[in-house]
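Engineer: Need coordinates for the following:
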Amino acid sequence: MQFDLDIQKTLRSGKRTFHLNLRLQSDSGRLVILGPSGAGKSQALRAIAGLLRPDSGRIMVGGAVLFDAQQRINLKPQERRMGYLFQDYALFPHLSVRQNIAFGETRGWRNPGRQAGGEAVERWLAAFHLEHLAHQLPGELSGGQRQRVALARALVAQPAALLLDEPFAALDPDLRIVLRGELDRLQRELALPMILISHDVADAEVFGDHVVRMKDGALDAGVLDARSLILAEKQTQE
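Structural biologist: As a prediction, the model looks like this:
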């Protein structure tokens with residue numbers, strides 16, 4: 001079982017209360033969770049990464065228990081080895097491309113040096129064609145270049161799985177097509193289990209070996225299979 005998720009969490013903000021109640025099992029290495037903004041997709045991803053502690057439940061990825069409320073297991077984010085790609089990429093603005101990627105290898109919060117390197121850093125600089133940008137800052141990069149840097153930083157630590165939060169939402173339509181193709185090729189090459197969350201049915205068409213839909217914090221029980229879900233989402237968006 002690649003993903004075995006039982007995430008229960010009540011979130012409160014002022015007078016508003018939101019219940020995350022996600023139960024999901026998947027043998028697929030490419031899981032796409034569709035749903036509108038506010039459905040709870042990002043909160044679920046944060047719980048898997050260890051950035052949000054559930055009130056109860058259990059989280060297993062690739063057979064490893066990351067969280068189990070009854071057994072009092074709650075691995076730290078670094079121990080979970082999840083490669084997390086944030087929606088806004090979350091690059092450090094004061095660090096160069098090279099330093100941002102090298103940060104993925106560091107333990108603790110000390111910034112890598114300006115000449116930080118090593119075999120893994122050089123590999124991913126080359127893999128994403130970033131060598132000529134290695135000393136530039138994130139503010140000097142295009143949206144596609146920032147995404148490549150963020151993905152390289154996630155991969156340099158040799159993660160057990162990739163967690164992708166709306167990875168193409170900030171890009172223009174033409175660039176989305178190009179980068180979907182790059183990520184599709186890379187994920188297949190690495191055979192790295194992946195959860196991708198999105199509101200865009202085009203992401204499900206490319207990556208959705210297993211597609212589910214979230215609504216109001218839980219899975220939409222009316223969904224039967226990936227193909228019917230994609231068709232239904234297309235009709236909704238049209």
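
Engineer: Run through the residues that contact Arg148.
Structural biologist: Residues counted as contacts of Arg148 (Cβ atoms under 8 Å, 6 or more residues apart in numbering) are 128-130, 179. For the C-beta atoms, the positions are set from N, CA and C on the backbone; glycine is no exception.

Engineer: what do you get if the cut-off is 7 Å, keeping everything else the same?
Structural biologist: 128, 130 (Cβ atoms under 7 Å, 6 or more residues apart in numbering).

Engineer: May I see the buried residues of whichever helix or strand it is part of?
Structural biologist: Element membership of Arg148 [criterion: DSSP states H and E] is helix 143-155. The neighbour-count check on helix 143-155 (16 or more other Cβ atoms under 10 Å) flags 144-155 as buried.

Engineer: Turn the residues you listed into a markdown table, including distance to Val211 and pLDDT.
Structural biologist: Below are these laid out as a markdown table (distance: Cβ to Cβ, whole Å; pLDDT from 0 to 100):
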| residue | distance to Val211 | pLDDT |
| --- | --- | --- |
| Gly144 | 25 | 89 |
| Gln145 | 29 | 92 |
| Arg146 | 27 | 92 |
| Gln147 | 22 | 90 |
| Arg148 | 25 | 91 |
| Val149 | 28 | 93 |
| Ala150 | 24 | 91 |
| Leu151 | 22 | 91 |
| Ala152 | 27 | 91 |
| Arg153 | 27 | 90 |
| Ala154 | 22 | 91 |
| Leu155 | 24 | 91 |
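
Engineer: Could you single out the nearest of these to Lys9?
Structural biologist: Of all the buried residues of helix 143-155, Ala154 has the smallest distance to Lys9: 23.8 Å, by Cβ to Cβ.

Engineer: if I read this right, the closest one contacts Met82, doesn't it?
Structural biologist: No - between Ala154 and Met82 there is no contact under Cβ atoms under 7 Å: 8.6 Å.

Engineer: buried sites along the longest helix seen in the chain?
Structural biologist: In the chain, taking DSSP state H as the definition, the longest helix is helix 173-190. The neighbour-count check on helix 173-190 (16+ other Cβ under 10 Å) flags 176, 179-180, 182-183, 187 as buried.

Engineer: what's that helix in contact with?
Structural biologist: With Cβ under 7 Å, 6+ apart, helix 173-190 has contacts from 30, 143-144, 147, 168, 171, 194, 206-207.

Engineer: What is the lowest-pLDDT residue among those residues?
Structural biologist: Lowest pLDDT within these is found at Leu171 (86).

Engineer: hang on, isn't that residue packed against Gly144?
Structural biologist: Yes - counting by Cβ under 7 Å, Leu171 touches Gly144, with 6.3 Å between them.

Engineer: I'd like the contacts of helix 173-190 as CSV, with distance to Met214 appended.
Structural biologist: Output for the contacts of helix 173-190, formatted as CSV (distance: Cβ to Cβ, whole Å):
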residue, distance to Met214
Arg30, 17
Gly143, 26
Gly144, 27
Gln147, 23
Phe168, 18
Leu171, 22
Met194, 17
Val206, 19
Phe207, 16
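
Engineer: For Ile48, state which of those residues is nearest.
Structural biologist: Of all the contacts of helix 173-190, Met194 has the smallest distance to Ile48: 11.7 Å, by Cβ to Cβ.

Engineer: before we move on, back to that, quick check: angle from the longest helix of the chain to helix 143-155?
Structural biologist: Using axes from the mean of the first three to the mean of the last three Cα atoms, to 10 degrees, the inter-axis angle of helix 173-190 relative to helix 143-155 is 20 degrees.
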